[in-house]
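Peer 1: Next comes the sequence, and after it the predicted model I'd like to discuss.
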Amino acid sequence: MNAEIARSGTVATTDVVVSTSACANASGLSRSQLVVMAAACGLGIANLYYCQPLLGQIQRSLHSSMAQAGSLAVYTQLGFAVSVFFLAPLGDILERRRLILFMLVLVTIALGCAACARDINVLEIASLAIGFTSVISTLVLPFAVSLADEHQRGETVGAIVGAMLIGILLSRTLSGAVGEMFGWRSVYGTASVLMVFLAISLRLLLPKNQPKASMGYGSLIKTMLGFIKTEPVLRESTLNGMLLYGALSAFWATLVFLVASPAYGYGPAAAGMFGLVAAGGAIIAPRIGKLADRISPHVTVAIATSVMVVAYGVLWLFGTTLVGLVAGVLLLDMAAQSATISNQTMVTGLHQEAQSRLYTVYRAAYSVGGSIGAYLGVVGWSVARWNGVCAVGTAMVCTALVIHIVARKAEANRSEALEQQAQFRAVQ
């Protein structure tokens, strides 16, 4: 392990030791374990989006301003962003099952507090806590990869990413339906109960997973940042993920403007229905994961990025027609999910003892890319309407493709140089 740290150039030297008591399954990840872990990620990420269709109800119920009600979604996302950076890396130094169960207890309490809130300020605090404690998905995915055999990694990542996508897409639909029938408090209450059942299932089905690294929290964060400097695959995958998710977010952030324009004349509900169209990405996710196991993930990333270029071409030329918009959504979302799965497969496969830290770097940058893309998409719409949005998305995807080609060429040159050095030493 110390040799590995020295090779990586990270700062931690003697404080990292390999644990001999790791309890991962020797036979790999079972189907039942994969199902419950995928469900955990889907339900965990859904906690971040339940509030969005309920904001109008909440505003009227608690007699708050619309700005205060709208801030609930911001607080939830802010809490999640903070927890991804500061809590997710703990999976490398704490027993993962216990950490996940502890976070499930906390999110259950936070959801219960939200359901009982009688004041908008209390609900804002509860929303921040919900976001902060919904870090489950970023803890579960590295856990699942650590349990899986090497040939299962892509399939495992694909299944979990697919479940997360379903959680995001359906959370808004189900939240709106349940809230309309039973009130907004029932949504938070139901989510709290689901977390209890989820905790019980994870406790029964998952093994203990002792950390493979032992270090202080400061060293944990320091080595996490060190990986950015020393791992070219991490840098390439992270930058690719940022740009592609940014391009995807530019589209989704402005879709409601397009469908409300004279080209369609639809309301916000119609924009939400396109989320169901995007569910095609969740359907193919496990298949893309299996493909990444059989061939190089670099190849699937190149293919997916190229398809996203085509998708934006379809949206740019035919996005003002329903057939063109549906076709563009399907291509864009499926390609984006394929690239995400392949990138995460590469990142989590770099160092077994540092999977949580590696995934944290990727996930944090991914979220930042989404925020930037959404902002640029809105700017593009304000400047040139749909043409501006498509210009922003196309630029981000093309940039990602160029970076991928340059990185692959640089890697080939490094490999060739190392081979020539080895041949030279053999001759001497």
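Peer 2: Nice, thanks for sending it over.
Peer 1: how about the helices of the stretch 251-400 of the chain, start to end?
Peer 2: Using DSSP state H, counting those that start in this stretch, the helices of the stretch 251-400 of the chain run over 268-277, 280-294, 297-318, 322-348, 355-427.
Peer 1: Could you give the number of residues near residue 410?
Peer 2: 12 (other C-beta atoms under 10 Å). In this view, the C-beta of every residue, glycine as well, is placed from N, C-alpha and C.
Peer 1: for it, what are its contacts?
Peer 2: Residue 410 makes contact with residue 232 under the criterion C-beta atoms under 8 Å, 6 or more residues apart in numbering.
Peer 1: okay, the helices of the stretch 251-400 of the chain, which one's buried deepest?
Peer 2: helix 322-348 (a mean of 24; mean count of other C-beta atoms under 10 Å).
Peer 1: angle of that helix against helix 297-318?
Peer 2: Between the axes of helix 322-348 and helix 297-318, defined by axes from the mean of the first three to the mean of the last three C-alpha atoms, to 10 degrees, the angle is 160 degrees.
Peer 1: Can you spell out which helices and strands pack onto helix 322-348?
Peer 2: Packing partners of helix 322-348 (3 or more C-beta pairs under 8 Å, 6 or more residues apart in numbering; DSSP states H and E): helix 136-147, helix 153-182, helix 232-260, helix 268-277, helix 280-294, helix 297-318, helix 355-427.
Peer 1: Next, give phi and psi for residue 319.
Peer 2: The phi and psi values for residue 319, taken as degrees, to the nearest 10, are phi -70, psi -20.
Peer 1: Do you have the strands of the stretch 1-150 of the chain handy? List them.
Peer 2: Here the stretch 1-150 of the chain has no strands by DSSP state E, counting those that start in this stretch.
Peer 1: what are the ranges of the helices in it?
Peer 2: Ranges of helices within the stretch 1-150 of the chain are 2-8, 31-46, 55-61, 66-86, 96-116, 120-133, 136-147, based on DSSP H, counting those that start in this stretch.
Peer 1: Residue 364: which of the ones you listed is closest?
Peer 2: Distance to residue 364, taken as C-beta to C-beta, is lowest for helix 66-86 among the helices of the stretch 1-150 of the chain, at 5.3 Å.
Peer 1: What lies in contact with the closest one?
Peer 2: 47-48, 51-52, 55-56, 58-59, 62, 120, 123-124, 127-135, 138, 360, 363-364, 367.
Peer 1: now the angle from it to helix 96-116?
Peer 2: 170 degrees.
Peer 1: so which of the helices of the stretch 251-400 of the chain comes closest to residue 156?
Peer 2: Nearest to residue 156, of the helices of the stretch 251-400 of the chain and by C-beta to C-beta, is helix 280-294 at 6.9 Å.
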